[in-house]
Structures are given as structure tokens and as C-alpha cells.
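A.B. asks: Got a predicted model here, sequence first, then my questions.
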Amino acid sequence: MYKILIIDDSSAITERLQLCLQQEGYDVSTAENGYRGLELIRESPPDLVITDILMPVMDGIEVVLYLKKNFPKVKVIAMTSGGFFKATEYLNVIKQFGVDYTLVKPFRDNYLKNIVLGLTSKVAV
């Protein structure tokens, strides 16, 4: 089964995305920050990580850098609603680190499902 890890400091977002993707048959776990996400990745690497960029404790950029160095085959979707700068500015920066897709929050569940389907169909499970 295709394993997905969602990392976001908003429990409302992680719960919504977890339910959305579990309904599609994916094995989905969640983490409330990048530090906890990396603990889960080290325990059992997922096939796909969906991470927020701006989070306390450890941000999504650190997560992406760690993944690309230590687990380069793991697909990554980075998302943000912005912060001090516009969301697109954060996403333009993180694209340079090799993420597979970027999303501006909020987005529709069906949009995410289509992106995940596109990324997962390219990988033998």
C-alpha cells in the first residue's frame, strides 16, 4: 500500500487531508511539525510526504532538505498559505530544492487527490 505522511501544524488540515486520502485507499499518517515528521520518516519512510512550509519547531524547508539528502526517492508536495511573504514566494524558493509539486492553501480536496494520483501512478507500489 502506498504510504503518505502529512506534516502540518494545523490539526484541522492534517485530519481533513488524512481522511480525504484514506478514502482513496492510501495509508496515511500525520505529524504536527517537521521534527515529529522526521522521526516518523526515520522509523518507516513513506512514499510521499505532504508538508507545510511554515511550522514551529522545524519548518518544511528543513524537512525537504533532509528528505532530498537522505531519502531522495520519496516524493514531496510542499504547501503554504504564506506568512510574512506571499505564498507563491515561499513556494518558488522551495521548488529549488526539488519538490515534486507545490500547493497554495486553501485548495480543494479533489485537486489534491488528482495531484497525489499523478505522483503515485508513476511509482510501482
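C.D. replies: Cool, the structure landed. Residues are numbered from 1 along each chain as shown.
A.B. asks: so how far is stretch 40-55 from its chain's centroid?
C.D. replies: Using Cα atoms, centre = their mean, to the nearest Å, the distance from the centre of stretch 40-55 to the centre of the chain it belongs to is 6 Å.
A.B. asks: ditto for stretch 29-41
C.D. replies: Relative to the mean C-alpha coordinate of its chain, stretch 29-41 is positioned 10 Å out (Cα atoms, centre = their mean).
A.B. asks: tell me the average confidence for it?
C.D. replies: Averaging pLDDT along stretch 29-41 gives 97.
A.B. asks: ok, which stretches of this protein are strands?
C.D. replies: In the chain, the strands defined using DSSP state E lie at 3-7, 27-31, 48-52, 75-80, 101-104.
A.B. asks: Of the ones you listed, flag the one that's most buried.
C.D. replies: Scoring those by mean neighbour count under mean count of other Cβ atoms under 10 Å gives strand 48-52 as the most buried, with a mean of 26. Placement of C-beta: from N, CA and C, glycine included.
A.B. asks: Tell me which strands it pairs with, and in which orientation.
C.D. replies: Strands adjacent to strand 48-52 in the sheet, as given by DSSP bridges, are strand 3-7 (parallel), strand 75-80 (parallel).
A.B. asks: residue closest to the middle of this structure?
C.D. replies: When Cα atoms, centre = their mean is applied to the chain, the residue found nearest the centroid is residue 50 (1.0 Å).
A.B. asks: so who does that one touch?
C.D. replies: By Cβ atoms under 8 Å, 6 or more residues apart in numbering, the residues touching residue 50 are 4, 5, 6, 7, 8, 17, 76, 77, 79, 112, 116.
A.B. asks: Good, wrapping up.
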